[in-house]
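[1] can you look at this prediction? I've put the sequence above it.
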Amino acid sequence: MSVKENFEKAKLDYERWGVNVEEALEKLKSVPISIHCWQGDDIGGFEVNQQELSGGIDVTGNYPGKATNPEQLRSDIEKALSLIPGKHRINLHAIYGETNGEVVERDEIKPEHFENWVNWAKQHGIGLDFNPTLFSHPKAEDGLTLAHPDKETRDFWIRHCIASRKIGEYFGKELGTPALTNIWIPDGYKDIPSDRLTPRQRLKDSLDEIFKEEIDEKYNIDAVESKLFGIGSEAYVVGSHEFYLGYALKNNKLCLLDTGHYHPTEVVSNKISAMLLYSDQLALHVSRPVRWDSDHVIVLDDELREIGLEIVRNDALDKVMIGLDFFDASINRVAAWTIGTRNMIKSLLYALLLPNDTLKQFQEEGNFTDRLALFEEFKTYPFGAIWDYYCEQMEVPVKEAWLDEVKTYEKEVLSKR
Ligand SMILES: C[C@H](O)[C@H](O)[C@@H](O)C(=O)CO
Ligand SMILES: [Mn+2]
(Lines give C-alpha, C1' and ligand atoms only; values in the text may rest on other atoms or scores of the structure.)
(Ligands and ions follow the chains in the order given, each with its own letter.)
Protein backbone atom coordinates (compact mmCIF):
# COMPACT_ATOMS: atom_id res chain seq x y z
CA MET A 1 0.00 0.00 0.00
CA SER A 2 1.22 3.51 -0.75
CA VAL A 3 1.78 6.12 1.94
CA LYS A 4 -1.40 7.84 0.80
CA GLU A 5 -3.47 4.63 0.93
CA ASN A 6 -2.19 3.88 4.42
CA PHE A 7 -3.06 7.43 5.41
CA GLU A 8 -6.61 7.20 4.07
CA LYS A 9 -7.19 4.01 6.01
CA ALA A 10 -5.69 5.39 9.21
CA LYS A 11 -7.71 8.57 8.88
CA LEU A 12 -10.93 6.59 9.20
CA ASP A 13 -9.86 5.27 12.61
CA TYR A 14 -9.29 8.78 13.91
CA GLU A 15 -12.44 10.16 12.31
CA ARG A 16 -14.55 7.67 14.21
CA TRP A 17 -13.64 9.69 17.28
CA GLY A 18 -14.35 13.01 15.61
CA VAL A 19 -10.69 13.88 14.99
CA ASN A 20 -10.25 16.08 11.93
CA VAL A 21 -6.96 14.74 10.57
CA GLU A 22 -6.57 17.20 7.69
CA GLU A 23 -7.13 20.10 10.07
CA ALA A 24 -4.54 18.63 12.45
CA LEU A 25 -1.96 18.51 9.67
CA GLU A 26 -2.72 22.09 8.64
CA LYS A 27 -2.22 23.26 12.22
CA LEU A 28 1.01 21.33 12.54
CA LYS A 29 2.45 23.01 9.45
CA SER A 30 2.18 26.39 11.11
CA VAL A 31 4.20 25.51 14.23
CA PRO A 32 7.85 26.58 14.13
CA ILE A 33 10.35 24.79 16.33
CA SER A 34 13.38 26.85 17.29
CA ILE A 35 16.30 24.58 16.49
CA HIS A 36 19.46 25.30 18.47
CA CYS A 37 22.54 25.79 16.33
CA TRP A 38 24.88 24.56 19.07
CA GLN A 39 24.16 20.86 18.50
CA GLY A 40 26.24 21.23 15.34
CA ASP A 41 29.56 22.16 16.95
CA ASP A 42 29.31 21.09 20.59
CA ILE A 43 28.69 24.70 21.72
CA GLY A 44 32.07 25.84 20.44
CA GLY A 45 31.08 28.99 18.58
CA PHE A 46 33.29 31.05 16.29
CA GLU A 47 34.96 33.54 18.53
CA VAL A 48 38.51 34.29 17.49
CA ASN A 49 39.70 33.80 21.06
CA GLN A 50 37.56 30.73 21.63
CA GLN A 51 37.58 29.38 25.19
CA GLU A 52 36.82 25.98 26.66
CA LEU A 53 33.16 25.26 27.32
CA SER A 54 32.28 26.32 30.86
CA GLY A 55 29.22 27.30 32.87
CA GLY A 56 28.58 23.86 34.31
CA ILE A 57 27.37 22.35 31.05
CA ASP A 58 29.19 19.61 29.22
CA VAL A 59 29.21 17.91 25.83
CA THR A 60 30.54 14.37 25.69
CA GLY A 61 31.64 12.33 22.68
CA ASN A 62 33.87 13.02 19.73
CA TYR A 63 31.96 11.87 16.70
CA PRO A 64 33.88 13.09 13.65
CA GLY A 65 32.74 15.87 11.36
CA LYS A 66 31.67 18.66 13.68
CA ALA A 67 31.26 22.09 12.11
CA THR A 68 34.30 24.29 12.63
CA ASN A 69 33.22 27.43 10.81
CA PRO A 70 29.95 29.25 10.07
CA GLU A 71 29.70 27.94 6.50
CA GLN A 72 29.97 24.35 7.68
CA LEU A 73 27.47 24.92 10.47
CA ARG A 74 24.95 26.52 8.11
CA SER A 75 25.43 23.75 5.59
CA ASP A 76 24.81 21.10 8.30
CA ILE A 77 21.71 22.93 9.49
CA GLU A 78 20.45 23.10 5.90
CA LYS A 79 20.90 19.36 5.61
CA ALA A 80 18.95 18.78 8.81
CA LEU A 81 16.20 21.21 7.75
CA SER A 82 15.79 19.29 4.50
CA LEU A 83 14.93 16.19 6.54
CA ILE A 84 12.52 17.81 8.99
CA PRO A 85 8.94 18.58 7.93
CA GLY A 86 7.72 22.18 8.32
CA LYS A 87 9.21 25.66 8.49
CA HIS A 88 11.36 26.23 11.55
CA ARG A 89 13.62 28.75 13.24
CA ILE A 90 17.27 28.70 14.18
CA ASN A 91 18.45 29.65 17.63
CA LEU A 92 21.88 31.28 17.88
CA HIS A 93 24.19 32.08 20.76
CA ALA A 94 26.31 35.21 20.86
CA ILE A 95 29.47 33.12 20.30
CA TYR A 96 28.30 32.37 16.76
CA GLY A 97 28.99 35.87 15.46
CA GLU A 98 31.39 36.43 12.58
CA THR A 99 34.04 39.07 13.13
CA ASN A 100 36.44 38.63 10.19
CA GLY A 101 39.28 37.35 12.31
CA GLU A 102 39.05 40.29 14.71
CA VAL A 103 38.75 39.84 18.48
CA VAL A 104 35.47 41.45 19.49
CA GLU A 105 34.71 41.43 23.18
CA ARG A 106 31.32 40.12 24.19
CA ASP A 107 30.16 43.52 25.37
CA GLU A 108 30.95 44.92 21.93
CA ILE A 109 29.09 42.49 19.70
CA LYS A 110 26.93 44.19 17.09
CA PRO A 111 24.22 43.27 14.60
CA GLU A 112 26.79 43.45 11.79
CA HIS A 113 28.51 40.37 13.24
CA PHE A 114 25.36 38.42 12.51
CA GLU A 115 24.71 39.77 9.03
CA ASN A 116 25.66 36.50 7.33
CA TRP A 117 23.23 34.61 9.51
CA VAL A 118 20.48 37.09 8.68
CA ASN A 119 21.16 36.88 4.94
CA TRP A 120 21.17 33.12 5.18
CA ALA A 121 17.90 33.13 7.17
CA LYS A 122 16.31 35.41 4.56
CA GLN A 123 17.40 33.05 1.81
CA HIS A 124 15.67 30.18 3.60
CA GLY A 125 12.66 32.19 4.81
CA ILE A 126 13.26 31.32 8.46
CA GLY A 127 13.30 33.29 11.72
CA LEU A 128 16.22 33.57 14.13
CA ASP A 129 16.31 33.53 17.92
CA PHE A 130 19.17 34.64 20.13
CA ASN A 131 20.99 34.06 23.42
CA PRO A 132 23.70 36.09 25.10
CA THR A 133 26.57 33.76 26.03
CA LEU A 134 27.50 34.14 29.70
CA PHE A 135 29.91 31.21 29.89
CA SER A 136 33.10 29.98 28.16
CA HIS A 137 34.78 33.28 28.99
CA PRO A 138 37.52 34.42 31.42
CA LYS A 139 35.06 36.80 33.08
CA ALA A 140 32.81 33.85 33.92
CA GLU A 141 35.59 31.60 35.14
CA ASP A 142 34.43 31.58 38.75
CA GLY A 143 30.90 30.71 37.70
CA LEU A 144 29.43 34.14 38.42
CA THR A 145 28.25 36.75 35.91
CA LEU A 146 25.20 38.96 36.41
CA ALA A 147 25.21 38.17 40.14
CA HIS A 148 28.94 38.65 40.56
CA PRO A 149 30.02 40.58 43.68
CA ASP A 150 32.43 42.57 41.53
CA LYS A 151 30.63 45.48 39.87
CA GLU A 152 32.97 45.66 36.91
CA THR A 153 32.32 42.02 36.04
CA ARG A 154 28.59 42.49 36.45
CA ASP A 155 28.62 45.58 34.28
CA PHE A 156 30.51 43.74 31.56
CA TRP A 157 27.84 41.05 31.41
CA ILE A 158 25.05 43.62 31.62
CA ARG A 159 26.53 45.32 28.54
CA HIS A 160 26.73 41.94 26.80
CA CYS A 161 23.04 41.27 27.46
CA ILE A 162 22.06 44.76 26.30
CA ALA A 163 24.07 44.22 23.09
CA SER A 164 22.35 40.85 22.66
CA ARG A 165 18.86 42.35 22.87
CA LYS A 166 19.86 44.77 20.11
CA ILE A 167 20.90 41.82 17.98
CA GLY A 168 17.55 40.18 18.68
CA GLU A 169 15.83 43.41 17.63
CA TYR A 170 17.90 43.45 14.43
CA PHE A 171 16.85 39.86 13.65
CA GLY A 172 13.22 40.78 14.21
CA LYS A 173 13.39 43.86 12.00
CA GLU A 174 15.22 42.12 9.19
CA LEU A 175 13.28 38.88 9.20
CA GLY A 176 9.78 40.12 9.99
CA THR A 177 9.36 37.78 12.94
CA PRO A 178 10.33 38.64 16.51
CA ALA A 179 13.45 37.03 17.91
CA LEU A 180 13.25 35.41 21.31
CA THR A 181 16.31 36.59 23.20
CA ASN A 182 16.82 34.29 26.14
CA ILE A 183 19.10 34.95 29.09
CA TRP A 184 20.59 31.99 30.87
CA ILE A 185 23.40 32.46 33.38
CA PRO A 186 25.43 29.82 35.20
CA ASP A 187 25.69 31.73 38.50
CA GLY A 188 25.66 29.64 41.62
CA TYR A 189 27.75 27.92 44.27
CA LYS A 190 29.15 24.44 44.57
CA ASP A 191 28.52 24.30 48.29
CA ILE A 192 25.92 25.53 50.74
CA PRO A 193 25.79 29.33 50.57
CA SER A 194 25.91 31.52 53.63
CA ASP A 195 23.71 34.07 51.90
CA ARG A 196 21.21 33.25 49.20
CA LEU A 197 19.56 36.63 49.07
CA THR A 198 22.41 39.00 48.16
CA PRO A 199 23.34 37.30 44.84
CA ARG A 200 19.65 37.18 43.91
CA GLN A 201 19.26 40.86 44.72
CA ARG A 202 22.24 41.58 42.43
CA LEU A 203 20.80 39.43 39.64
CA LYS A 204 17.50 41.27 39.93
CA ASP A 205 19.27 44.63 39.71
CA SER A 206 21.33 43.48 36.72
CA LEU A 207 18.20 42.33 34.89
CA ASP A 208 16.48 45.65 35.61
CA GLU A 209 19.45 47.39 34.03
CA ILE A 210 19.45 45.07 30.99
CA PHE A 211 15.74 45.56 30.36
CA LYS A 212 15.72 49.30 31.04
CA GLU A 213 15.45 50.12 27.37
CA GLU A 214 12.09 49.14 25.94
CA ILE A 215 12.34 47.19 22.70
CA ASP A 216 9.26 46.73 20.58
CA GLU A 217 8.00 43.17 20.99
CA LYS A 218 7.31 43.18 17.28
CA TYR A 219 11.06 42.67 16.96
CA ASN A 220 12.42 41.21 20.17
CA ILE A 221 10.86 39.23 22.98
CA ASP A 222 12.86 38.73 26.19
CA ALA A 223 12.98 35.46 28.07
CA VAL A 224 14.75 34.30 31.22
CA GLU A 225 15.76 30.69 31.81
CA SER A 226 16.01 29.20 35.27
CA LYS A 227 18.02 26.23 36.46
CA LEU A 228 18.20 23.96 39.48
CA PHE A 229 21.87 23.02 39.49
CA GLY A 230 24.90 22.69 37.25
CA ILE A 231 28.36 21.21 37.47
CA GLY A 232 29.98 23.48 40.05
CA SER A 233 26.68 24.99 41.18
CA GLU A 234 25.24 21.90 42.81
CA ALA A 235 24.13 23.52 46.06
CA TYR A 236 22.72 26.79 44.84
CA VAL A 237 21.74 28.47 41.60
CA VAL A 238 20.97 32.18 41.78
CA GLY A 239 18.48 32.17 38.88
CA SER A 240 16.16 29.50 40.24
CA HIS A 241 12.66 28.77 38.95
CA GLU A 242 10.93 30.84 41.63
CA PHE A 243 13.32 33.71 41.08
CA TYR A 244 12.60 33.97 37.37
CA LEU A 245 8.91 33.13 37.65
CA GLY A 246 8.51 36.11 39.95
CA TYR A 247 10.73 38.32 37.83
CA ALA A 248 9.00 37.42 34.59
CA LEU A 249 5.49 37.95 35.94
CA LYS A 250 6.33 41.27 37.50
CA ASN A 251 8.27 42.60 34.53
CA ASN A 252 6.27 41.16 31.66
CA LYS A 253 9.03 38.86 30.43
CA LEU A 254 8.76 35.28 29.26
CA CYS A 255 9.75 32.41 31.50
CA LEU A 256 11.74 29.84 29.61
CA LEU A 257 11.44 26.35 31.02
CA ASP A 258 14.21 23.92 30.17
CA THR A 259 12.99 20.37 30.70
CA GLY A 260 16.37 19.42 32.17
CA HIS A 261 16.33 22.14 34.80
CA TYR A 262 14.08 20.65 37.44
CA HIS A 263 14.16 17.87 40.01
CA PRO A 264 14.31 14.43 38.38
CA THR A 265 10.62 13.64 38.86
CA GLU A 266 9.39 17.20 38.37
CA VAL A 267 7.94 17.66 34.89
CA VAL A 268 7.56 20.74 32.73
CA SER A 269 4.37 19.36 31.15
CA ASN A 270 2.61 19.93 34.47
CA LYS A 271 3.72 23.57 34.64
CA ILE A 272 2.43 24.77 31.26
CA SER A 273 -1.28 25.11 32.12
CA ALA A 274 -0.51 26.68 35.50
CA MET A 275 1.80 29.28 34.03
CA LEU A 276 -0.44 30.13 31.10
CA LEU A 277 -3.12 31.24 33.52
CA TYR A 278 -0.84 34.09 34.56
CA SER A 279 1.19 34.91 31.47
CA ASP A 280 0.20 35.08 27.83
CA GLN A 281 3.25 33.26 26.58
CA LEU A 282 6.07 31.07 27.74
CA ALA A 283 9.06 29.43 26.14
CA LEU A 284 10.58 25.98 26.29
CA HIS A 285 13.96 24.38 25.90
CA VAL A 286 13.04 20.80 25.26
CA SER A 287 15.83 18.51 26.32
CA ARG A 288 16.19 14.99 27.79
CA PRO A 289 17.76 14.84 31.21
CA VAL A 290 19.08 11.34 31.83
CA ARG A 291 19.49 11.31 35.64
CA TRP A 292 20.82 14.88 35.47
CA ASP A 293 20.70 17.80 33.04
CA SER A 294 22.56 15.68 30.52
CA ASP A 295 20.98 17.26 27.42
CA HIS A 296 20.44 14.00 25.55
CA VAL A 297 18.68 14.09 22.19
CA ILE A 298 14.94 14.07 22.83
CA VAL A 299 13.06 10.84 22.21
CA LEU A 300 9.34 10.34 21.87
CA ASP A 301 8.89 9.36 25.50
CA ASP A 302 5.95 9.90 27.85
CA GLU A 303 7.07 13.38 28.91
CA LEU A 304 7.59 14.63 25.36
CA ARG A 305 4.11 13.39 24.46
CA GLU A 306 2.68 15.01 27.57
CA ILE A 307 4.31 18.34 26.66
CA GLY A 308 2.78 18.14 23.19
CA LEU A 309 -0.60 17.34 24.73
CA GLU A 310 -0.49 20.22 27.17
CA ILE A 311 0.32 22.65 24.37
CA VAL A 312 -2.31 21.32 22.00
CA ARG A 313 -5.26 20.65 24.29
CA ASN A 314 -4.87 24.02 25.96
CA ASP A 315 -4.93 25.69 22.57
CA ALA A 316 -1.48 27.09 23.23
CA LEU A 317 0.36 26.42 19.97
CA ASP A 318 0.84 30.17 19.54
CA LYS A 319 1.54 30.81 23.22
CA VAL A 320 4.33 28.35 23.87
CA MET A 321 7.50 29.07 21.96
CA ILE A 322 9.05 25.68 21.48
CA GLY A 323 12.83 25.59 21.40
CA LEU A 324 15.20 22.65 21.64
CA ASP A 325 18.30 22.31 23.79
CA PHE A 326 20.24 19.08 23.51
CA PHE A 327 23.76 18.33 22.44
CA ASP A 328 25.22 14.94 21.81
CA ALA A 329 28.70 14.62 20.32
CA SER A 330 28.68 10.82 20.39
CA ILE A 331 26.45 10.50 17.32
CA ASN A 332 26.23 12.15 13.92
CA ARG A 333 25.23 15.73 14.74
CA VAL A 334 22.95 16.19 11.72
CA ALA A 335 21.17 13.00 12.75
CA ALA A 336 20.86 14.34 16.31
CA TRP A 337 19.03 17.45 15.08
CA THR A 338 16.88 15.38 12.76
CA ILE A 339 15.88 12.79 15.35
CA GLY A 340 15.18 15.35 18.06
CA THR A 341 13.26 17.81 15.93
CA ARG A 342 11.21 15.13 14.19
CA ASN A 343 10.34 13.80 17.64
CA MET A 344 9.21 17.21 18.85
CA ILE A 345 6.94 17.51 15.81
CA LYS A 346 5.69 13.95 16.29
CA SER A 347 4.67 14.77 19.85
CA LEU A 348 2.56 17.68 18.59
CA LEU A 349 1.00 15.56 15.87
CA TYR A 350 0.25 12.81 18.38
CA ALA A 351 -1.54 15.37 20.53
CA LEU A 352 -3.43 16.87 17.59
CA LEU A 353 -4.73 13.40 16.73
CA LEU A 354 -6.27 12.67 20.13
CA PRO A 355 -9.99 13.31 20.70
CA ASN A 356 -9.11 15.94 23.27
CA ASP A 357 -12.60 17.36 23.74
CA THR A 358 -14.05 13.93 24.38
CA LEU A 359 -11.27 13.13 26.82
CA LYS A 360 -11.85 16.39 28.66
CA GLN A 361 -15.55 15.64 28.85
CA PHE A 362 -14.88 12.18 30.31
CA GLN A 363 -12.90 13.84 33.07
CA GLU A 364 -15.59 16.42 33.79
CA GLU A 365 -18.12 13.61 34.09
CA GLY A 366 -15.89 11.67 36.42
CA ASN A 367 -15.59 8.92 33.80
CA PHE A 368 -11.99 8.00 34.50
CA THR A 369 -12.36 4.49 33.08
CA ASP A 370 -13.08 5.71 29.55
CA ARG A 371 -10.42 8.41 29.90
CA LEU A 372 -7.71 5.86 30.70
CA ALA A 373 -9.00 3.33 28.15
CA LEU A 374 -8.89 5.84 25.30
CA PHE A 375 -5.50 7.21 26.26
CA GLU A 376 -4.10 3.70 26.12
CA GLU A 377 -5.90 2.53 22.97
CA PHE A 378 -4.78 5.61 21.05
CA LYS A 379 -1.20 4.67 21.73
CA THR A 380 -1.58 1.88 19.17
CA TYR A 381 -3.70 3.81 16.68
CA PRO A 382 -2.02 4.10 13.26
CA PHE A 383 -0.20 7.32 14.11
CA GLY A 384 2.78 6.29 11.92
CA ALA A 385 0.63 6.27 8.79
CA ILE A 386 -0.44 9.87 9.40
CA TRP A 387 3.12 10.95 10.21
CA ASP A 388 4.47 9.29 7.04
CA TYR A 389 1.86 11.07 4.95
CA TYR A 390 2.73 14.40 6.60
CA CYS A 391 6.41 13.87 5.75
CA GLU A 392 5.54 12.98 2.17
CA GLN A 393 3.32 16.04 1.86
CA MET A 394 6.06 18.25 3.25
CA GLU A 395 8.55 16.74 0.83
CA VAL A 396 10.91 15.27 3.39
CA PRO A 397 11.95 11.63 3.66
CA VAL A 398 9.36 9.17 4.94
CA LYS A 399 10.25 6.93 7.89
CA GLU A 400 13.98 6.29 8.36
CA ALA A 401 14.80 7.12 4.72
CA TRP A 402 16.38 10.33 6.04
CA LEU A 403 19.15 8.25 7.57
CA ASP A 404 20.51 7.31 4.14
CA GLU A 405 20.71 10.99 3.30
CA VAL A 406 22.64 11.68 6.50
CA LYS A 407 24.99 8.81 5.70
CA THR A 408 25.63 10.15 2.21
CA TYR A 409 26.23 13.61 3.66
CA GLU A 410 28.61 12.13 6.19
CA LYS A 411 30.53 10.33 3.45
CA GLU A 412 30.64 13.26 1.06
CA VAL A 413 30.95 16.21 3.44
CA LEU A 414 31.46 15.50 7.15
CA SER A 415 34.18 12.86 6.76
CA LYS A 416 36.28 15.26 4.70
CA ARG A 417 36.55 17.89 7.45
C1 LIG B 1 23.71 26.49 25.54
C2 LIG B 1 22.39 26.77 26.19
O3 LIG B 1 22.00 28.05 26.11
C4 LIG B 1 22.40 26.33 27.59
O5 LIG B 1 22.35 24.94 27.47
C6 LIG B 1 21.26 26.77 28.48
O7 LIG B 1 20.10 27.01 27.77
C8 LIG B 1 21.08 25.70 29.45
O9 LIG B 1 20.14 24.98 29.34
C10 LIG B 1 22.10 25.51 30.49
O11 LIG B 1 21.89 24.36 31.20
MN1 LIG C 1 18.44 25.46 28.12
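    The structure has been received and is ready for your questions. Numbers count the residues shown, from 1 in each chain. Ligands and ions are numbered 1, 2, ... in the order given.
[2] up against ligand 1, what does the stretch 201-350 of the chain have?
    225, 227, 258, 285, 293, 325 (C-beta under 6 Å from any ligand atom). In this view, the C-beta of every residue, glycine as well, is placed from N, C-alpha and C.
[3] and if we set it to 8 Å?
    Counting by C-beta under 8 Å from any ligand atom, the residues of the stretch 201-350 of the chain lying close to ligand 1 are 225, 227, 230, 256, 258, 260-261, 285, 287, 293, 295, 325, 327.
[4] near ligand 2, from these?
    When C-beta under 5 Å from the ion is applied, the members of these adjacent to ligand 2 are 258, 285, 325.
[5] for the nearest residue to the first one once chain neighbours are set aside, give its distance to residue 42.
    I take that to be residue 258. When the adjacent residues along the chain are set aside, residue 258 lies closest to residue 285, with 3.8 Å between them (C-beta to C-beta, 6 or more residues apart in numbering). With distances defined as C-beta to C-beta, to the nearest Å, the gap from residue 285 to residue 42 amounts to 17 Å.
[6] between those two, tell me which one has more neighbours.
    Between residue 285 and residue 42, counted using other C-beta atoms under 10 Å, residue 285 has the larger neighbour count: 25 against 20.
[7] just checking, that one touches residue 262?
    No: using C-beta atoms under 8 Å, residue 285 makes no contact with residue 262, being 11.6 Å away.
[8] how about the helices in this protein?
    For the chain, the helices defined by DSSP state H cover 3-15, 21-29, 70-81, 115-124, 151-175, 197-210, 241-251, 269-276, 302-313, 333-352, 356-364, 368-378, 383-393, 401-412.
[9] most tightly surrounded among the ones you listed?
    Each of those was scored by mean neighbour count; the highest is helix 333-352, a mean of 24, by mean count of other C-beta atoms under 10 Å.
[10] what about that helix, distance to the chain center?
    12 Å (C-alpha atoms, centre = their mean, to the nearest Å).
[11] what of stretch 17-26?
    26 Å.
[12] what about that stretch, start to end distance?
    End-to-end distance of stretch 17-26: 19 Å, with C-alpha to C-alpha, to the nearest Å as the criterion.
[13] avg pLDDT for that stretch?
    For stretch 17-26, mean pLDDT is 98.
[14] name the nearest residue to residue 207, ignoring sequence neighbours.
    Taking C-beta to C-beta, 6+ apart, and ignoring the residues beside it in sequence, residue 207 has residue 247 as its nearest neighbour in space, at 6.3 Å.
[15] nearest residue to the residue of the stretch 301-417 of the chain found nearest ligand 1 in space, please, no chain neighbours.
    Residue of the stretch 301-417 of the chain nearest ligand 1, by C-beta to the nearest ligand atom: residue 325 (5.0 Å). When the adjacent residues along the chain are set aside, residue 325 lies closest to residue 285, with 3.6 Å between them (C-beta to C-beta, 6+ apart).
[16] for the stretch 1-150 of the chain, which segments count as strands?
    Secondary structure of the stretch 1-150 of the chain (DSSP state E, counting those that start in this stretch): strands located at 34-36, 89-93, 127-131.
[17] could the ones you listed go into JSON lines alongside mean pLDDT and mean neighbour count?
    JSON lines is the format used below for the strands of the stretch 1-150 of the chain (pLDDT from 0 to 100; neighbours: other C-beta atoms under 10 Å):
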{"stretch": "strand 34-36", "mean pLDDT": "98", "mean neighbour count": "26"}
{"stretch": "strand 89-93", "mean pLDDT": "98", "mean neighbour count": "23"}
{"stretch": "strand 127-131", "mean pLDDT": "99", "mean neighbour count": "26"}
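[18] export those to JSON lines and tack on distance to residue 160?
    Converted to JSON lines, the strands of the stretch 1-150 of the chain look like this (distance: least, C-beta to C-beta, whole Å):
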{"stretch": "strand 34-36", "distance to residue 160": "19"}
{"stretch": "strand 89-93", "distance to residue 160": "12"}
{"stretch": "strand 127-131", "distance to residue 160": "11"}
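[19] out of the ones you listed, nearest to residue 162?
    Between residue 162 and the strands of the stretch 1-150 of the chain, the tightest spacing by C-beta to C-beta is seen for strand 127-131, at 12.7 Å.
[20] rewinding a little: partners of the residue nearest to residue 258 in the sheet?
    As for beta bridges, residue 285 partners with residue 258, residue 323 under DSSP bridges.
[21] wait, what's in contact with it?
    Taking C-beta atoms under 8 Å, 6 or more residues apart in numbering, we find residue 285 in contact with 36, 225, 256, 257, 258, 259, 260, 261, 323, 324, 325.
[22] go again with 6 Å.
    Going by C-beta atoms under 6 Å, 6 or more residues apart in numbering, residue 285 touches 258, 323, 325.
[23] could you do residue 51 as well?
    When the contact criterion is C-beta under 6 Å, 6+ apart, the partners of residue 51 are 136, 137.
[24] my guess is residue 311 contacts residue 320, does it?
    Yes: here residue 311 reaches residue 320: they are 4.9 Å apart, a contact under C-beta atoms under 6 Å.
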